[in-house]
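Visitor: sequence below, structure please.
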Amino acid sequence: MAIRVSSRHWLLLGGTVVMAAVGAVRSSAQSGAPRARFAEVPAGLVVAAHPSVSADGSVVAYEGAPPESSGERSSTVYLRDLVTGANVELTPIVEGVAVGDSVRPAVSADGCRVAVVTEVAFDLFRDDDTGDRWDVYATTLPRCGGRAGAWELVSTRGGSSVGAAAADDVDPAWAPAISGEGAVVAYTHRLGVVSVDAVEDPAITGVTVVDLTVPIGGAGRTRVVPGTPVDAPDDSAVHRGVRSPSMSADGSVVAVTSDADHATSTWGSGDVGRPATTHVVVWDRSVTDPSAAVTELPGADADQPEVSGDGSVVAFVSADASAVPAAVVAPACGLTCPSQVYLWHRVDGSIHLASAATAPDGSVSAGDGPSSQPVLDESGASVVFVSRATNLLPRRSAVLGGPDDGDILQAVPADSTMRRVSLAADGVSALPATNAHPAMSADGRVVVFDRLGGASGTMRDLTVVRRTPEVTASGLDLGTVAV
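Guide: Residues are numbered from 1 along each chain as shown. Sure thing, here's the model as predicted:
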């Protein structure tokens, strides 16, 4: 008997915040180091953005405004548990440690580990609170056997466990990527290339992958993306380096945005005074030969890579209309095309357009407005993204919000279906196009994102949309039974 599952019903769990006590099991900090006790924060006090969700959709980490109004910091990281209904601040002020901001959390697929970018020196043995202070820390939550407030320093420099210190060079604009069990973390940092006049260029970044199962200073703990140049660019284009990592659940596949040629370990090209052309680069960490481990995907000025949980599909964003020649942008975009979301399949190297509308005759039209910020489910079959296109669905939303905002759409390219996720509590009415930064559970049934709202209508809050499958009698195939 075949059962057809209908996915028409969505449940909106609005901008209030929830979660149980949570923390960390392993820490490179000394036992005497101060610990950040996780504090429960009443719902309604939190401004939320940049969420990250566990594979089962039960745990959401996000960046938000601090609960206090002292003005000493502007952001902190919270954890929301959709099962228990409690909200916990993961990075509160620690007595005896300088106050700092915490941003861009990433939660592991199993919901047990959280990595954050922070100015707070949770490891006073290797970290300090002077000068540049941004580092990546990771913690194991108490729900998985960890200790509340026990943070492990991820971003280090130095060649030995004794001499290693906090790197203090992490770029807080980009969230770290974390593997399914939280053992591998990738993060964006200043690359430290030096120009001919001996001045380090802080704008050029690189991506380092850290294996937390290897002790600090141990061989193989840290690796940069193969083919990352070590010399400064020698052309007149503006280079930004390697950034924005994404990772498969097992940590073996890492995708980044890069304006370097990783095959030759040299910087790419671009027009004078303009940003150099970027590409999405995929690194298979299981391949030992560095020259064979890295693949550059088609599509000029590609960005925002996202790896599916099983590592088989990589989503990315590009305004290069030639990436998928079969797609038609309607109306014709000429030299300046809106960005589209594409899916690259690692098995056969094929590329499919995800931000597309399929007509009854089978023709495909790309979105007539920009699409961005893709996230994938476990297999890569379903993709959620932000779009301002008006031709992908019959109904339009009011165009409001900032440049990153739009409708939250979910597409299944294999069956040419698409639905709007950013719906009001009635499950029918479309929210205004003020939504951004989506994240999705492994099965695609839980989608979280931030949106312009709150009591004042000028702040961002967290929205959780849960799709509940429905079995209908008309969808049942009972077959034929001989009596």
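Visitor: where in the protein is pLDDT low?
Guide: Applying pLDDT under 70 to the chain flags the ranges 1-46, 159-161, 193-201, 325-332, 334-335, 454-458, 468-483.
Visitor: change it to 50
Guide: Filtered on pLDDT under 50, the chain yields the residue ranges 1-11, 13-32, 43-45, 198, 471-478, 480-481, 483.
Visitor: mind listing the helices for it?
Guide: With DSSP state H as the criterion, the chain has helices at 290-293.
Visitor: ok, Ala439 - how many residues close by?
Guide: When counting by other C-beta atoms under 10 Å, one arrives at 24 neighbours for Ala439. (Each C-beta comes from the backbone N, C-alpha and C, glycine too.)
Visitor: from Pro202, how far off is the nearest residue to it once chain neighbours are set aside?
Guide: With sequence-adjacent residues excluded and distances taken as C-beta to C-beta, 6 or more residues apart in numbering, Ala439 is closest to Val53, at 4.4 Å. Distance from Val53 to Pro202, counting by C-beta to C-beta, to the nearest Å: 32 Å.
Visitor: same thing with Ala300?
Guide: For Ala300, the distance to Pro202 equals 26 Å [C-beta to C-beta].
Visitor: what pairs with the residue lying closest to Ala173 once chain neighbours are set aside across the strands?
Guide: Leaving aside its chain neighbours, Ala173 sits nearest to Thr188 (7.5 Å; criterion: C-beta to C-beta, 6+ apart). Taking DSSP bridges, one finds Val207 as the beta-bridge partners of Thr188.
Visitor: just to check, Thr188 is in contact with Ser244?
Guide: Yes. Thr188 sits in contact with Ser244 when judged by C-beta atoms under 8 Å, with a separation of 6.7 Å.
Visitor: so Val314 sits against Leu297, correct?
Guide: Yes. Counting by C-beta under 8 Å, Val314 touches Leu297, with 7.0 Å between them.
Visitor: what do those two both touch?
Guide: Both Val314 and Leu297 are contacted by 280, 282, 344, under the criterion C-beta atoms under 8 Å, 6 or more residues apart in numbering.
Visitor: ok, the second one - contacts?
Guide: In other words, Val282. Counting by C-beta under 8 Å, 6+ apart, Val282 touches 253-255, 294-297, 305, 307, 314, 344, 346.
Visitor: look up how far Val120 lies from it.
Guide: Counting by C-beta to C-beta, the separation of Val282 from Val120 is 33 Å.
Visitor: repeat for the first one
Guide: When C-beta to C-beta is applied, the distance between Val280 and Val120 equals 32 Å.
Visitor: cool, the last one as well?
Guide: For Trp344, the distance to Val120 equals 37 Å [C-beta to C-beta].
Visitor: now Ser363
Guide: With distances taken as C-beta to C-beta, Ser363 is found 54 Å from Val120.
Visitor: who has more neighbours out of those two?
Guide: Set side by side, Ser363 and Val120 give different neighbour counts by other C-beta under 10 Å, the larger being at Val120 (26 against 13).
Visitor: looking at it, that one is touching Val103, isn't it?
Guide: No. Applying C-beta under 8 Å as the test, Val120 and Val103 come out as separate, 11.1 Å apart.
Visitor: and Asp234, how many neighbours?
Guide: Per other C-beta under 10 Å, the neighbour tally for Asp234 reads 9.
Visitor: for the remainder of this discussion, apply numbering that starts at 45.
Guide: Done: numbering now begins at 45, and the last item shifts to Asp278.
Visitor: name the residues that touch stretch 393-405?
Guide: Residues external to stretch 393-405 that are found in contact with it (C-beta under 8 Å, 6+ apart): 341-343, 359, 367-368, 370-371, 384-389, 408-411, 415, 418, 427, 429, 431, 433, 435-436, 453, 455, 457, 460, 462.
Visitor: buried ones only from the residues you listed, please, as a ChimeraX command.
Guide: Restricted to the buried members of the contacts of stretch 393-405, where burial is judged by 16 or more other C-beta atoms under 10 Å, the ChimeraX selection command reads as follows:
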select :341,342,343,359,367,368,371,384,385,386,387,388,408,409,410,411,415,418,427,429,431,433,435,436,453,455,457,462
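Visitor: contacts only, for His231.
Guide: Heads up, residue 231 is Tyr, not His. Per C-beta under 8 Å, 6+ apart, neighbours of Tyr231: 159, 161, 180, 198-199, 214, 218, 220-221, 251-252, 254, 289.
Visitor: same thing but at 10 Å, please
Guide: By C-beta atoms under 10 Å, 6 or more residues apart in numbering, the contact set of Tyr231 is 148, 150, 159, 161, 178-180, 198-199, 211, 213-215, 218-222, 249-254, 287, 289.
Visitor: list the ones among those residues that fall in strands.
Guide: With DSSP state E as the criterion, strands contain 148, 150, 159, 161, 179-180, 221-222, 249-254, 287, 289 from among those.
Visitor: relative to Ala165, how far out is Val214?
Guide: For Val214 relative to Ala165 (C-beta to C-beta), the value is 13 Å.
Visitor: mind listing the shared neighbours of the two?
Guide: Common contacts of Val214 and Ala165, defined by C-beta under 10 Å, 6+ apart, comprise 177, 179, 181.
Visitor: in JSON lines: the residues you listed, plus distance to Arg510 and neighbour count.
Guide: What follows is the shared contacts of Val214 and Ala165, written out as JSON lines (distance: C-beta to C-beta, whole Å; neighbours: other C-beta atoms under 10 Å):
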{"residue": "Arg177", "distance to Arg510": "38", "neighbour count": "19"}
{"residue": "Asp179", "distance to Arg510": "34", "neighbour count": "30"}
{"residue": "Tyr181", "distance to Arg510": "30", "neighbour count": "31"}
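Visitor: quick check, nearest of the residues you listed to Gly317?
Guide: Using C-beta to C-beta, the shortest approach to Gly317 within the shared contacts of Val214 and Ala165 belongs to Arg177, at 31.9 Å.
Visitor: hang on, that closest one packs against Val141?
Guide: No. With the criterion set as C-beta atoms under 10 Å, Arg177 and Val141 do not qualify as a contacting pair; they are 11.0 Å apart.
Visitor: between those two, what contacts are shared?
Guide: For the pair Arg177 and Val141, residues contacting each of them under the criterion C-beta under 10 Å, 6+ apart are 164-165, 171.
Visitor: give the contact list for the closest residue to Ser292 other than its chain neighbours.
Guide: Counting by C-beta to C-beta, 6+ apart, Ser292 lies nearest to Gly355, which is 3.3 Å off, once chain neighbours are set aside. Applying C-beta under 10 Å, 6+ apart, one finds that Gly355 lies in contact with 291-299, 326, 328, 330, 390, 424.
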